[in-house]
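Q: Requesting a structural model of the entry that follows:
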Amino acid sequence: MTVNIDHYDSANAETQTHETCATALNSSSYPTWADIGMHAMPNALWNRTRLTRIVKDVLAKAALSEGEKSGFTDDVNLKGFRDDWLGYVMVGYMSTVSVGWIVFLLVLSLDYYGYVNGVAFSLTYESYNLSSKAFCVLWFLATSWYLAINLVRTKLRNFFRLRQTLEHAQYVQIEKERQVLQMLVDDSHETSGILNHVQRAEIYIRKMLGLDVLISTVPVRKTSAGHRYIEFESTRYMYSTHTDTFEPSAVCLGVDATVLLGMSSGLTTTEAERRQEILGPNFIAVHVPNFIIALWQELTGFFYVYQIMILWCYFYLAYWQIGISDTGVILLAAIIKVVVRIRSETRIKRMAEHVDSCSVLRDKEWKKESTADLVPGDVFKIQPHQVVPVDAVILQGDIVVDESSLTGEPLPIRKFPLRDDGHPYDRQLSGKIHSLFAGTTVKQTSANAIALVLETRTNTDKGKLVQKILHPQLVSFVFHEQLKLVFAILICWAIFLLGIGVWWLGGTGMTAWFYGTLCAAQVMNPLLPAILVVGQSVAAGRLKKKSVFCVDFPRILMAGKVQVFCFDKTGTLTKEGLEYYGVYPALRGGKGETTFGESKRQFDDLNTTKEEERLLRIGIASCHSVTTLGQEYIGNPVDIVMFQATGSSLGTDDGTDIVLMKPSTPEKQAHELRVIQRFEFQHARASMSVAVLDTETGHIHIYCKGSFERIHQVSDSATLPPNFNRLTSHLAREGCYVLGMAHRDLGTSVDIETVRNWTRDELETQLSFLGLVLFKNLLKEDTTSAITQLKAGDTRTVMITGDNALTGVFVGQACGLVPPNTRVVIGDVVCDDKDAAIEKLGDNIVWTDSETNERVNIDAALLNNEHRPIELAMTGKAFRTLMDAGRIRDYLFSTRIFARMTPVDKMVCVQLFMEKAVTAMCGDGGNDCGALRTAHVGIAMSEAEASVVSPFSTPRRSVQSCVDLLIEGRAALATSFASYKYLIMYGETMATVKFCTFYYTMSFSQWNFILIDAFITMFCAFAVTQAGSARILSSHRPTARILGLEVMLSVLGQLFINAWFLIGAYIWLYTRDDFFRCHEWDARAIDASKWWLLGDSFEADILTFIALYQFVNAALIFNYGYIFRKRWYRNYFLIFLWSLFVAIVSYWELADPNAFGCLMRVNCGNPDVLVELGYPRPTFYIAPYNNLIGHNVLPRPFRYQLWGYSLGNMMITNAWELVVILGPVRNWLRKRYPLRRLKIKQ
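A: Below is the predicted model:
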């Protein structure tokens, strides 16, 4: 093949030649290191400087290419690759080498025991020294090999592929910026300088090693039409020749209601197929690996590599019993994690993968199609009991939908067809009443109900939920951040111990290296990362028993640090249902003035002979969106209560809703009303409206119902009573839910069809005020108790509601959220009276006393509130005005009630609290879903276990669930710290033990090591996590700082006391001339590599008895802490284990030589020697003792003294924890030196 090089430049000949040939051969012009090595290395033989320039040019070209192909968002980078035969060879070679290391280590280990040729060390000329050196070299090489592979495991396969342009790539490597959600949860909200340095070091190391990005490699596939695409995180990306990259697939139908309604004819088959080519099938495939693959993925993790390589040292140096026991523990932990993962992913798979059939309008004909074939723009029929497969907008028909599986809303919701009212369609806000969401269930439909598909797959709300569960946001807790520093400290400490071990054991020979390595391994306990999450899992199980479900376990620890708890009002603090409380009709006087009539508590009290009251009867009976599902009313709870109070009934006639009003007197017939037009309630407008035909008079009436502030705005001012504001404030202050109603009579001259074509704005004009409709919003029975518990638990409670401020204040005072004898000042925006001499913030915020209506200088009042505390309440308008003025933070933590808040306002308010405090939000998952998603801890009162709106959900619909969540969160945090302290204590106690073994060149017996590593540590660590949660919420939160003073004093104090007791025991031993001084241990005659021979001494006896009690006692000590958990004696499993282990060790120590003690090589000896000492000859086998005297039996009096000494050790360490760390000393220090924390008024 001949190619032409355009604009040939001899100075750049090699680069130009490479690029041109690559283009002609349709291969990559961005070579891998293999290309550089194969093609450029020979040039180095004659021009080394030229090679350097070529490599720089190639890397620069590759870097430029990567920047140009920088994926679909700013934080994602795409690289193309293709397979090559040499790559397959290299993959096979690497696999062979990886297996080879294991084979070599296995052969050397077997040769150590003589299992290869029948003689130990036969492969190394029967030399232990040569064998250990060979093992050490192989171990280092294998460890380096596996760690290197682990660091690049996500992109390893691409090292053996050729770089290729995205246009021709077979695979695409996707590099996504690693983003971690940093959740500050420390009460002081201050990060230590050391921790800042550690975080910067971590960022630098990750960047240097390429671990600052998450890497995935996906195959490039082709559609039936030949379009190239990739699937990433369940979303399809199509290749674009214009941008030379893969872009997310999307078909946008727009937000113009006119355009959407014009799509009612559906798609052609050709267009539907084209769109499916772009978007892919409406199906989220969830791949659940089989058990073997999942186990392999788990065991090839970084920490497992560390664990497995340490186990090889155990298997080699005659430590195979410990190796087997630890292998079993590690495998068991891995299997449990794998089983939990597979079960979780299987559950997600069942939730995500739903396929059904439905009727779709294609080519203007109804066809039966799979829901997987639906695409945006399709029109499909809605059937009763159908699971909605897509996000859609209703084009025709009324539909009742159960959305509890998605949002947690307990009641079915009535949905209406989209209207062409001139406003943009927004399916999440104002258009929600016209929208269907994937995963919800249709309960009821009218005839010929159809909907237009808007979104499919991961573009739906359900798809986003599945995607969020499958690919969760990485979350970092201050607990985890400090854990990194702890690991860094432990690594340094382990290296120090390794050096000490090598030095004290002679500084030469491989045995010293083995001892030091195993000591370092015990300091870095392999169980530490796993045990920290056990507390979360146990807490999640307890929460589930209390009907609080969690889909994000790390958030349980966050719940343990909550400082501010925000609540929605209606349906959260108060009951879901309202009670009808009557009306205040507006009566017209003879001179045209309007006044409020007397309150009419019952609907039948309205007098039909008075025109205003007759019209109000019609409005109450018809101005709603209530429908029926069987014998059940469906709709807005307020509407249902209002309609039920009328005693009327509902019906339909040819798609038109009919209201049959109960006659005012028995002799009259039912009064028929026909609803000819309805605009549903919108939160943004705070109102709804209907046009009703009165069949008795033939008049068409327009009614508008909504918040009394909204009705005040839309009503003719001449029809408003002069005491409107005073009465509504009074009613709200009494806890009434107040709605206003306005009316317009169109008479008989306006055509029905004309009214049906009116927009909402046309309908809601020229209205006359008609009256107020009242409801009572009663508190739930346990709300007051729960709020009291939260406040007693050092948690600030706040209300964020869409209701009126005065109603919020009333409810807040009733439930204790507002403290008694507190002055409440309400901030609101006043658009008039601008010339008045009032104190304002921003432009026009006025602060008034909720009781006296006096205007207040709020800044002065907050500064002088010693005599009577002040709490603030503010409306949504005031909140937004203060936000715009940049002053909201000045009043945030003084504000108890946020009223008339929109969904966006609620979310912003929670975000503001999150800047200074760990914030929780509780709501019903309706208009507060944004706030629930945003909060550190969101709990939705939802019927679904996995809610789309929050990490926690509960069907109990009780504020007590919030208390339970905080109790379990604090218990989980305390338990995680207890587990951490126990395992750190294990490692450091073992380090102290190792110092003794290094110094005296002696050791525990084999079975003692097995007892400690496989039984005491494992079972006690698990038992610590079984501590139950406290019965009531504690008065303060547990610490979240691993390196905090409390945790450090607890651990270091125990270590200090234990170390001195061990030193004291040896000092005591060396003063005993009666049995010890003439029989000191001399290890010079023993081969140190045969470590199992180093335990037959009095020194080893002392070390065994003192250390075993310390290992067991540590679990009991860290089980204390009844403030957050149940009292220590209620952890029955731990008490049983502690009693069992203490009894066993006491038996070994106090009893005369016996089979059990001899198995552990304590208080035993050779049979003949035991007879000489006055003990009966053993009837069981005892391996020969490896010391000159042939035994290590301590004298009976000394044994009892040593036992009492060990009990004293346990008592003092327990006293340190109970008196100093948790008891009176701690309390005195807290009072003397208060913590510098954010002061939050409860």
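Q: Geometric centre of this structure: which residue is closest?
A: Asp552 (3.4 Å; C-alpha atoms, centre = their mean).
Q: these two touch, right, that residue and Ile939?
A: No: counting by C-beta atoms under 8 Å, Asp552 sits too far from Ile939 to count as a contact (11.6 Å). Glycine gets a C-beta too; all of them are placed from N, C-alpha and C.
Q: Quick check: the residue nearest to Asp552 when sequence neighbours are not counted vs Ser942, distance?
A: Distances taken as C-beta to C-beta, 6 or more residues apart in numbering place Pro951 nearest to Asp552, at 3.8 Å, with adjacent residues excluded. Note on Pro951: its distance to Ser942, by C-beta to C-beta, to the nearest Å, is 12 Å.
Q: any shared contact partners between the two?
A: Common contacts of Pro951 and Ser942 (C-beta atoms under 8 Å, 6 or more residues apart in numbering): none found.
Q: And the helices in the stretch 501-650 of the chain, which stretches?
A: For the stretch 501-650 of the chain, the helices defined by DSSP state H, counting those that start in this stretch cover 510-523, 528-545, 554-559, 611-622, 637-646.
Q: which one of these is the most hemmed in?
A: helix 554-559 (a mean of 26; mean count of other C-beta atoms under 10 Å).
Q: and that one, what's its mean pLDDT?
A: Across helix 554-559, pLDDT averages out at 85.
Q: State whether Val659 is indeed within a strand.
A: Yes: under DSSP: H, G, I helix; E, B strand; the rest coil, Val659 falls within a strand.
Q: Tell me who's in contact with it.
A: Val659 makes contact with Ala621, Ser622, Ser648, Ser649, Leu650, Gly651, Glu672, Leu673, Arg674, Val675, Val692 under the criterion C-beta under 8 Å, 6+ apart.
Q: Low-confidence stretches in the stretch 101-250 of the chain?
A: 181-199 (pLDDT under 70).
Q: Please repeat the previous calculation with a cut-off of 90.
A: Scanning the stretch 101-250 of the chain for pLDDT under 90 picks out 109, 112-133, 136, 147-157, 164-168, 174-216, 222-250.
Q: just the strands in it please.
A: Per DSSP state E, counting those that start in this stretch, the stretch 101-250 of the chain carries strands over the ranges 162-164, 171-177, 180-183, 213-219, 221-222, 228-232, 235-240, 245-248.
Q: between the helices of the stretch 501-650 of the chain, which one is nearest to Gly397?
A: Closest approach to Gly397 among the helices of the stretch 501-650 of the chain is made by helix 637-646 (19.9 Å; C-beta to C-beta).
Q: between the closest one and helix 611-622, how many degrees?
A: Here the directions of helix 637-646 and helix 611-622 differ by 120 degrees (axes from the mean of the first three to the mean of the last three C-alpha atoms, to 10 degrees).
Q: out of the helices of the stretch 501-650 of the chain, nearest to Leu966?
A: The nearest among those, by C-beta to C-beta, is helix 554-559 at 5.8 Å.
Q: Other residues contacting that closest one?
A: Here helix 554-559 has contacts from 183, 185, 475, 477, 479, 536, 539-540, 543, 550, 918, 920, 936-937, 951-952, 965-966, 968-970, 972-973, 976, 1040, using C-beta under 8 Å, 6+ apart.
Q: who's in contact with Lys575?
A: Asn777, Leu778, Leu779, Lys780.
Q: Of the contacts of Val659, just the buried ones, ChimeraX syntax please.
A: Selection of buried members from those for ChimeraX, criterion 16 or more other C-beta atoms under 10 Å:
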select :621,622,648,650,673,674,675,692
